[in-house]
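**Q** Structure for the following, please:
(2 chains)
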Amino acid sequence: QKEVEQNSGPLSVPEGAIASLNCTYSDRVSQSFFWYRQYSGKSPELIMSIYSNGDKEDGRFTAQLNKASQYVSLLIRDSQPSDSATYLCAVNSPEQVANNLFFGTGTRLTVIP
Amino acid sequence: GAGVSQTPSNKVTEKGKYVELRCDPISGHTALYWYRQSLGQGPEFLIYFQGTGAADDSGLPNDRFFAVRPEGSVSTLKIQRTERGDSAVYLCASSPGYYNEQFFGPGTRLTVL
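**A** Residues are numbered from 1 along each chain as shown, chains lettered A, B, ... in the order given. Reported below is the predicted structural model:
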């Protein structure tokens, strides 16, 4: 059974702070890792993808991947109230024909003005 | 460009009825996925199309669920003899290829009374 674990939160940070979101996964052969942002009542929106160990930066977002530890994280710098949402970690499943994504239950982030 | 579209946005039906949910993927995307998301959970994989054929339907919960994609573009998810446990948000995602990122539509919220 493939598992993607996230702290469900809620995680609260003050405006301007760094928000750190963490995710662990069980499938050692996973190759692709994604972070989706989901506002309440909306569908998931892709914000970051990472495929290699190390850091990947895009604007205020940095994704970090450590395949040896089966750990992926998302850092949000200069957090804004508009970042308040649920963040879903997703991992691919290359053994499946579909190579579909397995999702964690999400971490709810609240940025306090 | 236009994203993934899904219709209807909301569907309320009675137990035992038949429903159809439609997905129109991003133009040119060959891979199409259906997921289902229950409250407080991440999306769960249902079925994958590459082109016209259902390449992987291992996530369908039972034989009441069926999906088609006759011309390799629009897909329809069909649920027979709906049950209250089928109530969820049904999400469609498309991808330009097998190893690429998946982009979600707005979802259809299905409520079975």
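**Q** measure B:G42 to A:Y87 for me?
**A** Distance, B:G42 to A:Y87, by CB to CB, to the nearest Å: 11 Å. (Each C-beta comes from the backbone N, C-alpha and C, glycine too.)
**Q** So for these two, which residues contact both of them?
**A** Common contacts of B:G42 and A:Y87, defined by CB atoms under 8 Å, 6 or more residues apart in numbering or on different chains, comprise A:G106.
**Q** Next up, the contacts around the residue of chain A found nearest chain B.
**A** Of all residues in chain A, A:F103 sits closest to chain B, at 2.8 Å by CB to the nearest CB. For A:F103, the contact set (CB under 8 Å, 6+ apart) comprises A:V4, A:Y36, A:L88, A:C89, A:A90, B:G42, B:P43, B:E44.
**Q** Between B:G42 and A:Y87, point out the one with more neighbours.
**A** Between B:G42 and A:Y87, A:Y87 has the larger neighbour count (other CB atoms under 10 Å in any protein chain shown), namely 25 against 22.
**Q** Quick check: which element contains that one?
**A** In this assignment (DSSP states H and E), A:Y87 forms part of strand A:85-92.
**Q** gap between whichever helix or strand comes after that strand and the chain center?
**A** Following strand A:85-92 in sequence order, the next helix or strand is strand A:101-103 (DSSP H and E). How far strand A:101-103 lies from its chain's middle: 11 Å, per CA atoms, centre = their mean, to the nearest Å.
**Q** helices and strands around whatever helix or strand comes next after strand A:101-103, which ones?
**A** Sequence-wise, the next helix or strand downstream of strand A:101-103 (DSSP H and E) is strand A:107-112. With contacts taken as 3 or more CB pairs under 8 Å, 6 or more residues apart in numbering or on different chains; DSSP states H and E, strand A:107-112 sits against strand A:11-14, strand A:19-25, strand A:85-92.
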